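J.: Prediction below, plus the sequence it came from.
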Amino acid sequence: MCLGHAIVDRLAHVEAATVVASGVEPESMTLVNGEQIGRIVELVGTWVQVAGGSAANTAAGLASLGGRPAFVGSVGADELGARYERDLSAAGVRCVLGQNSAGLPTGQCLVLVTADSLRTMATHLGAGVAIDVEAVERAGVRDAAAVYIEGYLLDSPGTFASLRRMIELAKQAGTLVALSLSDAFLVERHGSAFVELVESGEVDVLFANEEEARRFTGADDLSGALDALERPGFLAAVTLGPKGAVLMNGKERARVEAWSIGAVDDTTGAGDLFAAGVLHGIVHGAPLEVAGRLGALAAAEIVSHLGAQPQLSLQALARQKGLGGPF
(Lines give C-alpha, C1' and ligand atoms only; values in the text may rest on other atoms or scores of the structure.)
Protein backbone atom coordinates (compact mmCIF):
# COMPACT_ATOMS: atom_id res chain seq x y z
CA MET A 1 0.00 0.00 0.00
CA CYS A 2 1.36 3.40 -1.03
CA LEU A 3 0.65 6.85 0.41
CA GLY A 4 1.53 9.99 -1.47
CA HIS A 5 0.57 12.98 -3.57
CA ALA A 6 -1.86 12.19 -6.38
CA ILE A 7 -0.37 14.15 -9.25
CA VAL A 8 -0.92 14.09 -12.99
CA ASP A 9 2.49 13.95 -14.66
CA ARG A 10 3.01 15.90 -17.86
CA LEU A 11 6.32 15.08 -19.49
CA ALA A 12 8.20 16.57 -22.43
CA HIS A 13 11.62 16.45 -24.05
CA VAL A 14 13.05 19.98 -24.04
CA GLU A 15 16.22 21.96 -24.69
CA ALA A 16 18.34 23.09 -21.75
CA ALA A 17 17.37 26.69 -22.58
CA THR A 18 13.73 25.82 -21.96
CA VAL A 19 14.58 24.61 -18.46
CA VAL A 20 16.28 27.95 -17.79
CA ALA A 21 13.27 29.84 -19.19
CA SER A 22 10.90 27.85 -16.97
CA GLY A 23 12.36 29.61 -13.93
CA VAL A 24 12.67 26.47 -11.78
CA GLU A 25 15.77 24.84 -10.28
CA PRO A 26 17.37 22.54 -12.90
CA GLU A 27 17.53 18.81 -12.09
CA SER A 28 15.37 19.10 -8.97
CA MET A 29 11.74 19.24 -7.87
CA THR A 30 10.38 22.75 -7.27
CA LEU A 31 6.97 23.56 -5.81
CA VAL A 32 5.16 26.17 -7.92
CA ASN A 33 1.74 27.82 -8.02
CA GLY A 34 -1.02 27.44 -10.58
CA GLU A 35 0.04 30.54 -12.51
CA GLN A 36 3.58 29.19 -12.93
CA ILE A 37 2.20 25.83 -14.07
CA GLY A 38 0.12 27.57 -16.74
CA ARG A 39 3.11 29.55 -17.98
CA ILE A 40 5.34 26.46 -18.30
CA VAL A 41 2.55 24.50 -20.01
CA GLU A 42 2.33 27.21 -22.67
CA LEU A 43 6.13 27.48 -22.89
CA VAL A 44 6.52 23.82 -23.89
CA GLY A 45 3.24 23.17 -25.68
CA THR A 46 3.26 19.39 -26.28
CA TRP A 47 3.14 16.94 -23.38
CA VAL A 48 2.75 13.24 -22.60
CA GLN A 49 0.25 12.86 -19.74
CA VAL A 50 0.01 10.00 -17.21
CA ALA A 51 -1.24 9.42 -13.66
CA GLY A 52 1.77 9.96 -11.45
CA GLY A 53 3.24 11.05 -8.16
CA SER A 54 6.15 9.23 -6.55
CA ALA A 55 4.22 6.70 -4.45
CA ALA A 56 1.67 6.17 -7.23
CA ASN A 57 4.52 5.29 -9.60
CA THR A 58 5.71 2.72 -7.07
CA ALA A 59 2.18 1.31 -6.84
CA ALA A 60 2.03 0.98 -10.64
CA GLY A 61 5.36 -0.86 -10.56
CA LEU A 62 4.10 -3.26 -7.89
CA ALA A 63 1.03 -4.00 -10.01
CA SER A 64 3.20 -4.69 -13.07
CA LEU A 65 5.20 -7.14 -10.97
CA GLY A 66 2.03 -9.08 -10.21
CA GLY A 67 1.17 -7.47 -6.87
CA ARG A 68 -2.17 -6.08 -5.73
CA PRO A 69 -1.24 -2.59 -4.52
CA ALA A 70 -3.43 0.22 -3.29
CA PHE A 71 -2.70 3.93 -3.52
CA VAL A 72 -4.01 6.48 -1.03
CA GLY A 73 -4.07 10.16 -1.97
CA SER A 74 -6.29 13.16 -2.70
CA VAL A 75 -7.57 14.66 -5.95
CA GLY A 76 -9.79 17.56 -6.93
CA ALA A 77 -13.43 17.32 -7.97
CA ASP A 78 -12.51 17.79 -11.61
CA GLU A 79 -12.03 15.89 -14.84
CA LEU A 80 -8.29 15.63 -14.25
CA GLY A 81 -8.98 13.85 -10.94
CA ALA A 82 -11.46 11.48 -12.56
CA ARG A 83 -8.98 10.69 -15.31
CA TYR A 84 -6.25 10.17 -12.74
CA GLU A 85 -8.31 7.48 -11.01
CA ARG A 86 -9.22 5.81 -14.32
CA ASP A 87 -5.61 5.71 -15.51
CA LEU A 88 -4.15 4.40 -12.26
CA SER A 89 -6.91 1.80 -11.90
CA ALA A 90 -6.22 0.66 -15.46
CA ALA A 91 -2.61 0.04 -14.39
CA GLY A 92 -3.86 -2.45 -11.78
CA VAL A 93 -3.81 -0.18 -8.73
CA ARG A 94 -6.71 0.01 -6.27
CA CYS A 95 -7.33 3.71 -5.70
CA VAL A 96 -8.44 5.10 -2.34
CA LEU A 97 -8.79 8.77 -3.15
CA GLY A 98 -10.24 11.55 -1.07
CA GLN A 99 -11.50 14.77 -2.67
CA ASN A 100 -10.13 18.05 -1.41
CA SER A 101 -12.88 19.98 0.41
CA ALA A 102 -11.24 23.36 -0.29
CA GLY A 103 -12.04 23.12 -3.99
CA LEU A 104 -8.43 22.83 -5.09
CA PRO A 105 -7.72 21.24 -8.49
CA THR A 106 -5.95 17.94 -8.97
CA GLY A 107 -2.18 18.34 -8.66
CA GLN A 108 0.16 18.43 -11.63
CA CYS A 109 3.87 17.86 -12.13
CA LEU A 110 5.56 19.16 -15.26
CA VAL A 111 8.63 17.07 -16.04
CA LEU A 112 11.18 18.64 -18.37
CA VAL A 113 13.58 16.05 -19.79
CA THR A 114 16.78 17.24 -21.47
CA ALA A 115 18.97 15.41 -23.98
CA ASP A 116 21.18 14.03 -21.20
CA SER A 117 18.07 12.25 -19.80
CA LEU A 118 18.05 14.40 -16.66
CA ARG A 119 14.74 15.80 -15.49
CA THR A 120 13.57 19.02 -13.91
CA MET A 121 10.21 19.00 -12.16
CA ALA A 122 7.78 21.84 -11.48
CA THR A 123 5.04 20.63 -9.15
CA HIS A 124 1.74 22.19 -8.16
CA LEU A 125 0.35 19.95 -5.42
CA GLY A 126 -3.19 21.26 -5.71
CA ALA A 127 -5.63 18.97 -3.92
CA GLY A 128 -2.73 16.78 -2.83
CA VAL A 129 -1.75 19.21 -0.06
CA ALA A 130 -4.24 17.49 2.25
CA ILE A 131 -5.08 13.78 2.55
CA ASP A 132 -8.04 12.83 4.73
CA VAL A 133 -7.30 10.43 7.57
CA GLU A 134 -10.60 8.80 6.60
CA ALA A 135 -9.04 7.65 3.33
CA VAL A 136 -6.28 5.90 5.28
CA GLU A 137 -8.84 4.35 7.62
CA ARG A 138 -10.77 2.71 4.77
CA ALA A 139 -7.73 1.65 2.77
CA GLY A 140 -7.15 -1.62 4.66
CA VAL A 141 -3.68 -0.92 6.05
CA ARG A 142 -3.91 -3.86 8.44
CA ASP A 143 -4.22 -6.28 5.50
CA ALA A 144 -1.21 -4.90 3.63
CA ALA A 145 2.13 -6.72 3.48
CA ALA A 146 3.92 -3.36 3.54
CA VAL A 147 3.18 0.35 3.38
CA TYR A 148 5.32 2.72 1.36
CA ILE A 149 5.34 6.44 2.10
CA GLU A 150 6.88 9.09 -0.14
CA GLY A 151 9.00 11.67 1.64
CA TYR A 152 7.47 14.47 -0.43
CA LEU A 153 4.53 14.40 2.01
CA LEU A 154 6.67 16.27 4.53
CA ASP A 155 6.30 19.36 2.32
CA SER A 156 2.52 19.31 2.97
CA PRO A 157 1.37 19.86 6.58
CA GLY A 158 -2.12 18.74 5.55
CA THR A 159 -0.84 15.22 5.00
CA PHE A 160 0.89 14.78 8.37
CA ALA A 161 -2.12 13.29 10.18
CA SER A 162 -2.64 10.71 7.44
CA LEU A 163 1.05 9.83 7.42
CA ARG A 164 1.05 9.36 11.19
CA ARG A 165 -2.15 7.29 11.08
CA MET A 166 -0.85 4.99 8.37
CA ILE A 167 2.31 4.31 10.36
CA GLU A 168 0.26 3.76 13.52
CA LEU A 169 -2.05 1.24 11.85
CA ALA A 170 0.89 -0.52 10.20
CA LYS A 171 2.76 -0.86 13.48
CA GLN A 172 -0.34 -2.20 15.23
CA ALA A 173 -0.65 -4.88 12.55
CA GLY A 174 3.06 -5.73 12.34
CA THR A 175 3.13 -4.41 8.77
CA LEU A 176 6.44 -3.34 7.24
CA VAL A 177 6.85 0.45 6.94
CA ALA A 178 8.98 1.80 4.09
CA LEU A 179 9.91 5.45 3.53
CA SER A 180 11.58 7.21 0.62
CA LEU A 181 13.74 10.29 1.17
CA SER A 182 12.53 11.38 -2.29
CA ASP A 183 14.75 14.42 -2.98
CA ALA A 184 18.04 15.83 -1.66
CA PHE A 185 16.56 19.32 -1.24
CA LEU A 186 13.67 17.77 0.68
CA VAL A 187 16.18 16.22 3.08
CA GLU A 188 17.69 19.67 3.56
CA ARG A 189 14.29 21.11 4.44
CA HIS A 190 13.02 18.29 6.66
CA GLY A 191 16.12 16.43 7.80
CA SER A 192 15.16 16.39 11.47
CA ALA A 193 11.72 14.95 10.71
CA PHE A 194 13.25 12.17 8.61
CA VAL A 195 15.77 11.39 11.33
CA GLU A 196 13.04 11.24 13.95
CA LEU A 197 11.01 8.76 11.91
CA VAL A 198 14.01 6.49 11.46
CA GLU A 199 15.51 6.83 14.94
CA SER A 200 12.13 6.15 16.58
CA GLY A 201 12.02 2.72 14.94
CA GLU A 202 8.84 3.54 13.03
CA VAL A 203 10.54 2.99 9.67
CA ASP A 204 11.72 -0.51 8.74
CA VAL A 205 12.95 0.20 5.20
CA LEU A 206 14.56 3.39 3.89
CA PHE A 207 15.07 4.27 0.22
CA ALA A 208 17.51 6.97 -0.88
CA ASN A 209 19.93 7.87 -3.62
CA GLU A 210 23.57 8.57 -2.81
CA GLU A 211 23.21 12.32 -2.32
CA GLU A 212 20.08 11.93 -0.18
CA ALA A 213 21.83 9.33 1.97
CA ARG A 214 24.83 11.61 2.51
CA ARG A 215 22.67 14.57 3.46
CA PHE A 216 20.51 12.43 5.74
CA THR A 217 23.49 11.00 7.62
CA GLY A 218 25.77 14.04 7.38
CA ALA A 219 28.50 11.84 5.90
CA ASP A 220 31.13 13.17 3.52
CA ASP A 221 31.05 10.18 1.19
CA LEU A 222 29.08 7.06 0.29
CA SER A 223 31.11 4.79 2.56
CA GLY A 224 30.40 6.97 5.57
CA ALA A 225 26.71 7.18 4.72
CA LEU A 226 26.40 3.39 4.44
CA ASP A 227 28.18 2.89 7.73
CA ALA A 228 25.82 5.36 9.39
CA LEU A 229 22.78 3.49 8.03
CA GLU A 230 23.95 0.14 9.37
CA ARG A 231 21.77 -0.93 12.28
CA PRO A 232 20.07 -4.18 13.39
CA GLY A 233 16.64 -4.86 11.93
CA PHE A 234 16.81 -1.94 9.52
CA LEU A 235 16.94 -2.25 5.74
CA ALA A 236 18.42 0.59 3.70
CA ALA A 237 18.52 0.67 -0.10
CA VAL A 238 20.77 3.32 -1.68
CA THR A 239 20.72 3.81 -5.44
CA LEU A 240 23.86 4.90 -7.29
CA GLY A 241 22.52 5.70 -10.76
CA PRO A 242 24.40 3.81 -13.49
CA LYS A 243 26.62 2.25 -10.80
CA GLY A 244 23.71 0.19 -9.44
CA ALA A 245 22.72 0.14 -5.80
CA VAL A 246 23.68 -1.05 -2.34
CA LEU A 247 21.19 -2.80 -0.06
CA MET A 248 21.84 -3.26 3.64
CA ASN A 249 20.08 -5.24 6.33
CA GLY A 250 22.02 -4.81 9.53
CA LYS A 251 25.56 -5.96 8.76
CA GLU A 252 24.50 -7.80 5.59
CA ARG A 253 25.25 -5.88 2.41
CA ALA A 254 24.49 -6.62 -1.23
CA ARG A 255 25.85 -4.64 -4.17
CA VAL A 256 23.79 -4.94 -7.35
CA GLU A 257 24.73 -3.72 -10.80
CA ALA A 258 22.48 -1.57 -12.94
CA TRP A 259 20.50 -3.37 -15.64
CA SER A 260 20.28 -2.08 -19.18
CA ILE A 261 17.40 -2.95 -21.49
CA GLY A 262 17.97 -0.09 -23.93
CA ALA A 263 19.16 3.49 -24.17
CA VAL A 264 18.28 5.78 -21.28
CA ASP A 265 15.54 8.17 -22.38
CA ASP A 266 14.06 9.63 -19.17
CA THR A 267 15.14 9.03 -15.56
CA THR A 268 11.76 10.09 -14.13
CA GLY A 269 10.49 7.40 -11.77
CA ALA A 270 13.71 5.38 -11.64
CA GLY A 271 13.85 5.51 -7.85
CA ASP A 272 10.12 4.86 -7.55
CA LEU A 273 10.32 1.72 -9.65
CA PHE A 274 13.49 0.56 -7.93
CA ALA A 275 11.53 0.75 -4.68
CA ALA A 276 8.71 -1.26 -6.23
CA GLY A 277 11.06 -4.07 -7.23
CA VAL A 278 12.83 -4.18 -3.88
CA LEU A 279 9.57 -4.14 -1.90
CA HIS A 280 8.08 -6.87 -4.08
CA GLY A 281 11.12 -9.01 -3.45
CA ILE A 282 11.19 -8.35 0.29
CA VAL A 283 7.53 -9.17 0.95
CA HIS A 284 7.99 -12.43 -0.98
CA GLY A 285 10.99 -13.44 1.09
CA ALA A 286 13.63 -12.91 -1.59
CA PRO A 287 17.30 -12.65 -0.58
CA LEU A 288 18.66 -9.11 -0.39
CA GLU A 289 20.59 -9.42 -3.66
CA VAL A 290 17.59 -10.78 -5.57
CA ALA A 291 15.35 -8.00 -4.27
CA GLY A 292 17.98 -5.48 -5.35
CA ARG A 293 18.29 -7.01 -8.81
CA LEU A 294 14.51 -6.90 -9.19
CA GLY A 295 14.55 -3.23 -8.27
CA ALA A 296 17.37 -2.51 -10.71
CA LEU A 297 15.48 -4.29 -13.50
CA ALA A 298 12.29 -2.32 -12.84
CA ALA A 299 14.29 0.93 -12.87
CA ALA A 300 15.96 -0.05 -16.15
CA GLU A 301 12.59 -0.55 -17.83
CA ILE A 302 11.26 2.80 -16.69
CA VAL A 303 14.28 4.85 -17.84
CA SER A 304 14.06 3.34 -21.34
CA HIS A 305 11.02 5.48 -22.22
CA LEU A 306 9.23 8.71 -21.38
CA GLY A 307 6.96 8.46 -18.34
CA ALA A 308 7.04 6.67 -15.00
CA GLN A 309 4.64 3.79 -15.58
CA PRO A 310 5.97 0.52 -17.04
CA GLN A 311 5.31 -0.12 -20.71
CA LEU A 312 6.25 -3.79 -20.38
CA SER A 313 5.03 -6.36 -17.87
CA LEU A 314 7.70 -6.27 -15.18
CA GLN A 315 6.63 -9.70 -14.01
CA ALA A 316 7.24 -11.18 -17.47
CA LEU A 317 10.49 -9.26 -17.82
CA ALA A 318 11.76 -10.55 -14.48
CA ARG A 319 11.01 -14.13 -15.45
CA GLN A 320 12.72 -13.60 -18.80
CA LYS A 321 15.84 -12.36 -16.98
CA GLY A 322 15.98 -15.39 -14.69
CA LEU A 323 14.63 -13.92 -11.46
CA GLY A 324 12.78 -16.93 -10.12
CA GLY A 325 10.51 -17.49 -7.15
CA PRO A 326 7.22 -15.61 -7.23
CA PHE A 327 8.55 -13.01 -9.62
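T.: Okay, I see it. Residues are numbered from 1 along each chain as shown.

J.: Surely residue 24 and residue 119 touch.
T.: No. Contact criterion CB atoms under 8 Å: residue 24 and residue 119 do not qualify, at 11.3 Å. For the C-beta atoms, the positions are set from N, CA and C on the backbone; glycine is no exception.

J.: Could I get the average pLDDT for stretch 302-320?
T.: Stretch 302-320 carries an average pLDDT of 91.

J.: Quick one: end-to-end distance for that stretch.
T.: 17 Å (CA to CA, to the nearest Å).

J.: next one: stretch 94-106
T.: Per CA to CA, the first residue of stretch 94-106 is 18 Å away from its last.

J.: who touches it?
T.: With CB atoms under 8 Å, 6 or more residues apart in numbering as the test, stretch 94-106 has contacts from 6-8, 34, 68-78, 80-81, 84-85, 88-89, 126-132, 134-135, 138-139.

J.: Keep only those of those that are in strands.
T.: Using DSSP state E, the members of those that fall in strands are 7, 8, 70, 71, 72, 73, 74, 75.

J.: Spit out the contact partners of residue 263.
T.: When contacts are counted by CB under 8 Å, 6+ apart, residue 263 touches residue 304.

J.: any idea how far residue 304 is from it?
T.: 7 Å (CB to CB, to the nearest Å).

J.: next one: residue 284
T.: According to CB to CB, residue 284 and residue 304 sit 25 Å apart.

J.: quick revisit: from the ones in strands among the contacts of stretch 94-106, pick the one nearest residue 167.
T.: Using CB to CB, residue 72 comes nearest to residue 167 of the ones in strands among the contacts of stretch 94-106, at 12.7 Å.

J.: Now for that closest one: which residues touch it?
T.: 1, 2, 3, 4, 96, 97, 131, 135, 136, 139, 162, 166.

J.: picking that back up, could you tell me which of the contacts of stretch 94-106 count as buried?
T.: Among the contacts of stretch 94-106, the ones that count as buried by 16 or more other CB atoms under 10 Å are 6-8, 69-76, 78, 80-81, 84-85, 88, 126-132, 135, 139.

J.: For the stretch 1-150 of the chain, just list every one of the helices.
T.: 16-22, 34-44, 54-64, 79-90, 133-137 (DSSP state H, counting those that start in this stretch).

J.: Switch those helices over to JSON lines; also include distance to residue 244 and mean pLDDT.
T.: Formatted as JSON lines, these follow (distance: least, CB to CB, whole Å; pLDDT from 0 to 100):
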{"stretch": "helix 16-22", "distance to residue 244": "27", "mean pLDDT": "94"}
{"stretch": "helix 34-44", "distance to residue 244": "33", "mean pLDDT": "92"}
{"stretch": "helix 54-64", "distance to residue 244": "18", "mean pLDDT": "97"}
{"stretch": "helix 79-90", "distance to residue 244": "29", "mean pLDDT": "94"}
{"stretch": "helix 133-137", "distance to residue 244": "34", "mean pLDDT": "95"}
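
J.: Determine which of those helices approaches residue 175 most closely.
T.: Among the helices of the stretch 1-150 of the chain, the nearest to residue 175 by CB to CB is helix 133-137 (12.7 Å).

J.: which other helices and strands contact that closest one?
T.: Helices and strands touching helix 133-137, by 3 or more CB pairs under 8 Å, 6 or more residues apart in numbering; DSSP states H and E, are strand 70-75, strand 94-99, helix 160-173.

J.: out of those, nearest to residue 207?
T.: Residue 207 lies closest to helix 160-173 among these, at 15.7 Å (CB to CB).

J.: Which residues does whatever helix or strand comes next after the closest one contact?
T.: Going down the chain from helix 160-173, the next helix or strand is strand 176-180, by DSSP states H and E. Residues lying outside strand 176-180 but in contact with it, judged by CB under 8 Å, 6+ apart, are 54-55, 58, 145-151, 167, 170-171, 194, 197-198, 202-208, 271-272, 275, 279, 282-283.

J.: So which bits of stretch 276-288 are buried?
T.: Residues 276, 277, 278, 279, 280, 281, 282, 283, 284, 286, 288 are the ones in stretch 276-288 that count as buried (16+ other CB under 10 Å).
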